[in-house]
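S.K.: Quick check, what structure comes out for this input:
(one chain, ligands or ions: 1)
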Amino acid sequence: MELACPECRGNGRGCEACEERGFLLIDRCPMACLDDAVWEAIDVAEWVRRGIPPAPGSYQEQTNCILEALQFIWSDQSRWKKDKKLIDLDG
Ligand SMILES: [Zn+2]
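M.R.: Numbers count the residues shown, from 1 in each chain. Okay, here's the model as predicted:
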């Protein structure tokens, strides 16, 4: 399974993490690759989707770290949903 590189966001140029491929090759259960911080970020993304941000206030009160994490998580989820629709159409 291929996962868009989180370091370069799939760009690949000059990225050492993915050796300029733009993706990481996952050759074991993806669930085993996720640490507690990732699971927490995924939980936060779901709460934000429901209208509950991690920090009080508006968008401007959220940290850059969480905003970048949300952008990455939602982008990846969107890509997987598109891939699933394509599989459903083929199947
Ligand atoms: Zn990369």
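
S.K.: rest of the way, CA atoms for contacts and neighbours
M.R.: Will do.

S.K.: What's the separation between the spatially most central residue of the chain and the ion?
M.R.: In the chain, the residue lying closest to the centroid (Cα atoms, centre = their mean) is I73, at 2.9 Å. Using Cα to the ion, to the nearest Å, I73 is found at 16 Å from the ion.

S.K.: The helix or strand containing that residue - contacts with which helices or strands?
M.R.: Counting by DSSP states H and E, the element that carries I73 is helix 64-90. Secondary-structure packing of helix 64-90 (3 or more Cα pairs under 8 Å, 6 or more residues apart in numbering; DSSP states H and E): helix 36-49.

S.K.: Buried residues in the helix it packs on, which are they?
M.R.: The neighbour-count check on helix 36-49 (16 or more other Cα atoms under 10 Å) flags 41-42, 44-46 as buried.

S.K.: Need the residues that contact that helix.
M.R.: With contact meaning Cα atoms under 8 Å, 6 or more residues apart in numbering, helix 36-49 is reached by 53-54, 66, 69-70, 73-74.

S.K.: tilt between that helix and helix 64-90?
M.R.: Interaxial angle of helix 36-49 relative to helix 64-90 (axes from the mean of the first three to the mean of the last three Cα atoms, to 10 degrees): 80 degrees.
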